[in-house]
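> Return atomic coordinates for the entry below.
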Amino acid sequence: MRNTAFLIVLSVLACCVFGCTSKHGAPDTVTLVLEENPTTGFRWEIETDGEVLKLESDTYQPAQVEKGIVGAGGTRTFVFSVLQKKECLIHCRYYRHWEGKPSQDTKTYRWNGKTLEEI
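You can find the predicted model right below:
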C-alpha cells in the first residue's frame, strides 16, 4: 500500500514538472521556471501565441533562506495549457514595469509542439 501511494505521488510530481502527456505523446501542459527577485522591482513578463499556448498559472516561490535574510530571490513558474501541437515562441522580458520598455534581461523559448527549448 505504501509503495502504491509513493508511486502515485511520484507520478503526480513528474506530471507537474515535465508536463502531463496525452494519448498522442505530446504534453498537455508546458511549465517554464525562471529565476526572479521581485524585491528589486523586477518581474518577468511573458508573451506568446495565445492560440497555441494558454497561460493557466503564474506563481512565485521564494527561495529557502535562513531566518532573518531579506531580499533573496526565488523562482517564477508559468504553466501553459497546450491548445495546438504546433510551433510558437515564448518571449520573456525581465524589467521594472514602471520604468517602461528597457529590460534587464530577455529570454526566448521555442515550443515545437512537444518540447520547450531556450533559443
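
> Going by C-alpha atoms from here, please, whenever you check contacts or count neighbours.
Fine.

> Does residue 45 touch residue 96 like I think?
No - Residue 45 is beyond contact range of residue 96, at 9.8 Å (criterion: CA atoms under 8 Å).

> ranges for the strands of this protein?
Using DSSP state E, the strands assigned to the chain run over residues 29-36, 43-48, 53-62, 74-82, 88-95, 105-111, 116-118.

> on that earlier part again, more crowded one of residue 45 and residue 96?
Neighbours per residue (other CA atoms under 10 Å) separate residue 45 from residue 96, with residue 96 holding more: 18 against 13.

> what separates residue 106 from residue 84, distance-wise?
Using CA to CA, to the nearest Å, residue 106 is found at 25 Å from residue 84.

> count of residues packed around residue 50?
Other residues within reach of residue 50 by the criterion other CA under 10 Å amount to 14.

> oh sorry, the question was meant for residue 70
Residue 70 - counted by other CA under 10 Å - has 9 other residues nearby.

> Quick check, pLDDT for it.
At residue 70 the predicted local distance difference test score is 79.

> Residue 60 too?
Confidence at residue 60, expressed as pLDDT, is 95.

> Same question for residue 74.
At residue 74, pLDDT is 94.

> Bridged to the most centrally placed residue in the chain, which residues?
The centre of the chain sits closest to residue 32, judged by CA atoms, centre = their mean, with a distance of 2.3 Å. Following DSSP bridges, residue 32 is listed with bridge partners residue 78.

> For it, give me its contacts.
With contacts defined as CA atoms under 8 Å, 6 or more residues apart in numbering, the neighbours of residue 32 are 77-79.

> I am finished for the moment; much appreciated.
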